[in-house]
Structures are given as structure tokens and as C-alpha cells.
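> Everything below, folded, please.
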Amino acid sequence: QVQLVESGGGLVQAGDSLRLSCAASGLTFSRYAMGWFRQAPGKEREFVAAINWSGGNTYYVDSVKGRFTCSRDNRKNTVYLQMNSLKPEDTAVYYCAADLQPARGVTRDSHEYDYWGQGTQVTVSS
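Residues are numbered from 1 along each chain as shown. Purely as a prediction, here's the structure:
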């Protein structure tokens, strides 16, 4: 079965960096787009970033553009989210997700994603 396992979260100070990883198994990882979402307490899940199957196309929510970078290593079945210049408002549980429609480009619509990880907590103190 498909499994997505996030790691790399933690407690950091504003301005610090973190790199999240999402290791995938049970699917032909290199065929599919991947996305990152986050959910802060009391808020709805929010799109953060997405990357197409090859890594050649990425898409970000405006609030993280220039600070976050999404990449992937298809040899390792892993997608990454490099987060720089972190702000307290980035505090959330971060989830990776897999879109198992190979013909679709990157999407910010959470309903288009078929599998989700369990999430990793990122806390940014001011």
C-alpha cells in the first residue's frame, strides 16, 4: 500500500531554516506530482507547494514564495520542502500528499491528492 512518511519538523526560532522530507513507498514515485500542505490550529488545511513528476515544475502559495523550495529525488522516492526565513505564522502541521493522476499538472487543490502522510509539526517561535 502507499505510504508517505514526513520527517524533519521541529521547534525553531524566527529566521531559522528547516528541511522537511517525505519518503514515499508503494507507488511508482517518479510518475506522480507531490504536494505539501499545512494546517495551523483552528485553521483549515492550506496548500503550500507542489512539484511535478520530474521536478521541473513547482508551484507555491504566495506567502512562502522566495522562502520555501520544493524539490524531489526520484532515486530516493523522496520529496523535500526547504524552508528558510521561517516566521511564526509558518507554525503548523505539515503534510505531504501524492497526486496519482500522471496526466495532471501540479495542483493546489487538496481534493486532487490521493494519499497523505501523517504530518510533521513545525513550530516557529518569535
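
> Nearest the geometric middle of the chain, what residue?
Centroid-nearest residue in the chain: Trp36, 2.3 Å away (criterion: Cα atoms, centre = their mean).

> Surely that residue and Ser71 touch.
No. In this structure Trp36 lies outside contact range of Ser71 using Cβ atoms under 8 Å: 11.1 Å. Where C-beta positions appear, they are placed from N, C-alpha and C, glycine not excepted.

> what's the overlap in contacts for these two?
Val79 (Cβ atoms under 8 Å, 6 or more residues apart in numbering).

> From Asn57, how far off is the residue nearest to the centre of the chain?
15 Å (Cβ to Cβ, to the nearest Å).

> go on, Asn77?
19 Å.

> rewinding a little: beta partners of the residue nearest to the centre of the chain?
Going by DSSP bridges, Trp36 is paired in beta bridges with Ala49, Cys96.

> separation between it and Ser126?
Relative to Ser126, and taking Cβ to Cβ, Trp36 is found at 23 Å.

> One more: Arg108?
28 Å.

> Looking at these two, which one has more neighbours?
Taking other Cβ atoms under 10 Å, Arg108 and Ser126 do not tie; Arg108 has more neighbours (16 against 9).

> I'd guessed the more buried one sits against Val61; true?
Yes. The pair Arg108 and Val61 passes the contact test of Cβ under 8 Å, sitting 7.2 Å apart.

> Now Ala40: closest residue in space that isn't a chain neighbour?
Ala92 (4.2 Å; Cβ to Cβ, 6 or more residues apart in numbering).

> ok, now Pro102?
Arg31 (4.9 Å).

> per-residue confidence at the one you found?
pLDDT, Arg31: 93.

> that older thread, what sits in contact with each of Arg108 and Val61?
Phe47.

> quick revisit: what's the spacing between the residue nearest to the centre of the chain and Lys76?
17 Å.

> Understood, closing this out.
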